[in-house]
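Novice: Generate a structure from the sequence data that follows.
(one chain, ligands or ions: 1)
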Amino acid sequence: MRHVYEFTAGESTPDVEKLLAREVGGAPVPDRLRHLFQQALAHFESLATRAAIVAETSADAFVQIYRGEGLNAPSAPLDVIIPRAQRLALFAATVGDAASAEIGILFGRGEPAAGYALDIIASEATNMLADAAALRFLRLQQARRAVGEDARVLPYSPGYCGWHVSGQRSLFEALQPGAIGITLSHSFLMRPLKSVSGVLVAGPPPAHRFKPTYDFCEDCTTHECRGRMASVLRAPR
Ligand code: SF4
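Specialist: Okay, the predicted model is just below:
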């Protein structure tokens, strides 16, 4: 089954203070920087739209999609996570073309600071949309009693953690996110730029756990998986 969702600002509005703390790495936040980010958030809200498309899929069908162009790492987290999943769905979400395009316009107009702040805010809002889509999918599966009360849903995307970005092609063919205005270039770049896509995996918290000791982990700068694995131990919000 395929669902198109629209989201309110409240479901994916970045916390400016959290973003600022990340920017300054624990140092005091200069007033000028706080003002820049607050302005960027207001600008973002004046431009953003928020939509996602979610299409349920079977494990067998997903394995074919995941295989993609055959360029994935020989071993990757989804190899162990998918067999443990209770329900799967393909998804794509976007904050829309106006907010995405405005970043380039600001840089082009010689306003790099404003462009940078808008870029950070739009990226965070896009990631939050993936989480919002995951929560809708979880609630739907719980209402159907297809997953347990303790189930958690996490999004996984091509281009990360061993899933080659070329996997976008088979993902887009199966999902058809053009329905919410997302297209894919020959180089696997999504338009609008501030879009996210991948698979939503529903399962009990241990289903999402793995050891991040793959070859590609040596080049990882974020180690985001640690926070994601910790998040499944908390109640979903
Ligand atoms: S360490 Fe980095 S590359 Fe490895 S699984 Fe975690 S997030 Fe992915």
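
Novice: Please count neighbours and contacts with C-alpha atoms only from this point.
Specialist: Noted.

Novice: Would you mind finding the longest helix in the chain?
Specialist: helix 112-143 (DSSP state H).

Novice: For E11, give me its contacts.
Specialist: For E11, the residues meeting the contact criterion (CA atoms under 8 Å, 6 or more residues apart in numbering) are 128-129, 132.

Novice: what's it sitting at in phi/psi?
Specialist: Comment: the main-chain dihedrals of E11 come out as phi -90, psi -10, following degrees, to the nearest 10.

Novice: which residues are there in the chain that come within reach of the ligand?
Specialist: Proximity of the chain to the ligand is confined to 161, 212, 216-217, 220, 222-225 under the rule CA under 6 Å from any ligand atom.

Novice: out of these, who has the most neighbours?
Specialist: Of those, C161 is surrounded by the most neighbours, 23 neighbours in total, counting by other CA atoms under 10 Å.

Novice: which residue sits closest to A98, ignoring its sequence neighbours?
Specialist: L47 (5.7 Å; CA to CA, 6 or more residues apart in numbering).

Novice: Buried residues, stretch 118-137. List them.
Specialist: 118-135, 137 (16 or more other CA atoms under 10 Å).

Novice: and Y214, how far is that from Y66?
Specialist: Relative to Y66, Y214 is positioned 18 Å away (criterion: CA to CA, to the nearest Å).

Novice: more crowded one of the two?
Specialist: Neighbours per residue (other CA under 10 Å) separate Y214 from Y66, with Y66 holding more: 24 against 15.

Novice: Help me confirm that that one is found in a helix?
Specialist: Yes - with the criterion set as DSSP: H, G, I helix; E, B strand; the rest coil, the secondary structure at Y66 is a helix.

Novice: Excluding chain neighbours, give the residue nearest to it in space.
Specialist: In space, Y66 comes closest to G167 once its chain neighbours are excluded; the distance is 6.3 Å by CA to CA, 6+ apart.

Novice: Pretty sure that neighbour sits against Q64.
Specialist: No - counting by CA atoms under 8 Å, G167 stays clear of Q64, with 10.2 Å between them.

Novice: average pLDDT for stretch 184-194?
Specialist: Per-residue pLDDT values over stretch 184-194 give a mean of 97.

Novice: Check stretch 10-25 too.
Specialist: Confidence over stretch 10-25 (mean pLDDT, whole number) is 94.

Novice: Next: stretch 155-167.
Specialist: Mean predicted confidence for stretch 155-167 is 97.

Novice: Residues touching it, excluding its own?
Specialist: By CA under 8 Å, 6+ apart, the list of residues contacting stretch 155-167 reads 65-69, 71-73, 75-77, 130-131, 134, 168, 188, 196-201, 216-217.

Novice: mind listing which of those are in helices?
Specialist: Going by DSSP H, the helices hold 65-67, 77, 130-131, 134, 168 from the contacts of stretch 155-167.

Novice: Cool, thanks, talk later.
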